[in-house]
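Student: here you go, sequence then predicted model.
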Amino acid sequence: MSEIFIARQPIFDAEMQVYAYELLFRASDEAAAEASVADGDSATSNVIINTFVNIGLERIVGEYRAFINLTRLFLSNPDLIMLPPDQLVLEVLENVEPSESLLDGLRHIRERGYSLALDDFVYDPRFEPMIELADIIKIDVLDMEPAEIEALVRQLRRPGKRLLAEKVETYETYEFLKSLGFDYYQGYFFARPTVVSGKALGASQVAVLELVAKVNNPEVEVDELADIIRADVSLSHKVLKFINSPASGLRSEVDSVHQAVVLLGLATIKNWVTILALANNSNKPDALNATALIRARSCELLARAGELPRPERFFTVGLFSCLDAMMDQPLEELMEDLPLPQESRQALLERKGVLGEALDCTLAMERGDFGLIGFGELGLPELSDLYLEAINWADEMMRQF
């Protein structure tokens with residue numbers, strides 16, 4: 001795990017309401033300092049990955065729009081931009097020269113529903129085709145004389161084009177710009193950039209989380225699940241090894257992943273693939289894997305003892321209660337990437353519903369907190385026996401790994 005950073009600076013509309021945030025590359029938590037960017041393509045890639053993968057767009061900007069700087073590489077190759085267009089404004093940096101390949105890329109970007117902004121714009125007739133494609137034109141007013149600003153505004157004030165004044169640093173400048181009718185404002189006079197930080201998952205952790213998400217998709221079907229498992233040779237081997245062990249409960253030998261999925265059923269195989277994926281790729285101590293198994297089995301046994309439907313749901317909740325420790329990331333954030341049913345999410349995050357009650361009971365037994373141990377009509381002796389059974393079962397499973 002490594003700490004990652006994104007700076008954001010608000011952009012205000014003419015009524016001084018937040019309209020959007022510009023997202024800026026930062027290598028540390030120094031919010032005020034300008035980032036030293038030696039490689040623009042790398043900086044753009046970092047902003048995109050950190051925003052959409054590691055931290056999350058909603059956490060950074062909420063319901064507002066996000067302005068993201070794009071280099072020529074991304075603008076000329078729009079297929080590299082695999083981002084949702086609804087909340088984004090893509091900025092064309094001031095050092096990007098117009099060319100046919102660039103203009104083709106910008107047209108394609110517009111066709112895909114993105115808004116375009118021209119950053120730090122200084123007029124040149126060569127930029128006319130770019131002006132026609134842009135929605136917003138940003139003007140750096142910091143070192144410009146009032147007459148220069150006024151002349152540029154007259155030149156750029158066209159139907160459908162909105163003007164954004166950036167690097168506004170004084171009240172007097174703001175009042176002057178307001179008299180010229182700018183649509184948006186950005187600068188230290190309003191707010192300096194602030195840094196949002198988060199933790200980046202390692203490559204193997206990302207792969208595991210993606211696999212777990214695919215496996216636990218409620219719409220996944222037998223053939224698709226078998227294909228997902230077969231795509232990972234190590235995982236396929238472990239699944240077949242488990243299926244042919246006494247622990248699986250099957251009496252006939254299984255020689256294919258597809259047969260394993262059919263015989264065990266989707267719900268059971270999903271849980272086992274999740275366990276094997278997490279255990280196989282975890283650098284955590286075996287004790288953590290064992291804890292996850294104990295919780296999963298305990299929750300399942302509670303459901304069976306209470307004659308509740310679909311006990312495999314309880315197994316999943318118990319298993320995922322350790323996911324934050326396994327992935328070094330808050331459970332709330334991990335849940336955003338996993339297609340679990342609402343009842344399972346509420347059990348994990350809020351301890352709600354009968355699933356949450358089973359997890360609460362299991363955790364109380366784990367802590368030895370006898371005052372909180374309880375589930376349905378089951379008495380303490382029976383609950384203790386079930387938990388001991390879960391421990392013994394988990395020990396046996398760990399020997400299979």
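Tutor: Received it, and whenever you're ready, just let me know what you need.
Student: hang on, Lys167 packs against Leu142?
Tutor: Yes. With contact defined as Cβ atoms under 8 Å, Lys167 counts as touching Leu142 (3.9 Å). For the C-beta atoms, the positions are set from N, CA and C on the backbone; glycine is no exception.
Student: of these two, which one has the most company?
Tutor: Taking neighbours as other Cβ atoms under 10 Å, Lys167 and Leu142 compare with Lys167 leading, 17 against 14.
Student: residue contacts, that one?
Tutor: Neighbour list for Lys167: Asp140, Val141, Leu142, Gln186, Gly187, Tyr188 [criterion: Cβ atoms under 8 Å, 6 or more residues apart in numbering].
Student: chain neighbours aside, what residue packs nearest to the first one?
Tutor: If I follow you right, that is Asp140. Spatial nearest neighbour of Asp140, excluding adjacent residues (Cβ to Cβ, 6 or more residues apart in numbering): Asp120 at 4.6 Å.
Student: surely that neighbour touches Leu142?
Tutor: No. Counting by Cβ under 8 Å, Leu142 is not a contact partner of Asp120; they are 9.9 Å apart.
Student: where does the stretch 251-400 of the chain dip in pLDDT?
Tutor: Under the criterion pLDDT under 70, the flagged ranges of the stretch 251-400 of the chain are 251-252, 255, 257, 272, 275-285, 328, 337, 399-400.
Student: ranges for the strands of it?
Tutor: Taking DSSP state E, counting those that start in this stretch as the criterion, the stretch 251-400 of the chain carries no strands.
Student: which helix or which strand is home to Tyr21?
Tutor: Assigned by DSSP states H and E, Tyr21 belongs to strand 18-26.
Student: shared neighbours of Lys167 and Leu142, anything?
Tutor: Gly187.
Student: before we move on, back to that, show me what the strand holding Tyr21 is packed against.
Tutor: Packing partners of strand 18-26 (3 or more Cβ pairs under 8 Å, 6 or more residues apart in numbering; DSSP states H and E): strand 2-13, helix 40-49, helix 57-61, strand 65-70.
Student: try 7 Å this time
Tutor: Applying 3 or more Cβ pairs under 7 Å, 6 or more residues apart in numbering; DSSP states H and E, one finds that strand 18-26 makes contact with strand 2-13, helix 40-49, strand 65-70.
Student: how near is Ile373 to Ala364?
Tutor: Look at Ile373 and Ala364: by Cβ to Cβ, to the nearest Å, they are 5 Å apart.
Student: again, but for Asp324
Tutor: Plainly put, Asp324 is 19 Å away from Ala364 if you go by Cβ to Cβ.
Student: what of His108?
Tutor: In terms of Cβ to Cβ, His108 sits 57 Å off from Ala364.
Student: could you give me the buried positions within the host helix or strand of Glu224?
Tutor: Assigned by DSSP H and E, Glu224 falls within helix 222-230. Buried residues in helix 222-230, counted by 16 or more other Cβ atoms under 10 Å: Leu225, Ala226, Ile228, Ile229.
Student: check stretch 113-127 too.
Tutor: Tyr114, Ser115, Leu116, Ala117, Leu118, Asp119, Phe121, Phe127.
Student: which of these lies closest to Trp393?
Tutor: Of all those, Tyr114 has the smallest distance to Trp393: 52.4 Å, by Cβ to Cβ.
Student: residues contacting the closest one?
Tutor: By Cβ atoms under 7 Å, 6 or more residues apart in numbering, Tyr114 lies in contact with Pro85, Leu88, Leu90.
Student: thought the first one was touching Glu111?
Tutor: No. The pair Pro85 / Glu111 is not scored as a contact, 10.4 Å apart, by Cβ atoms under 7 Å.
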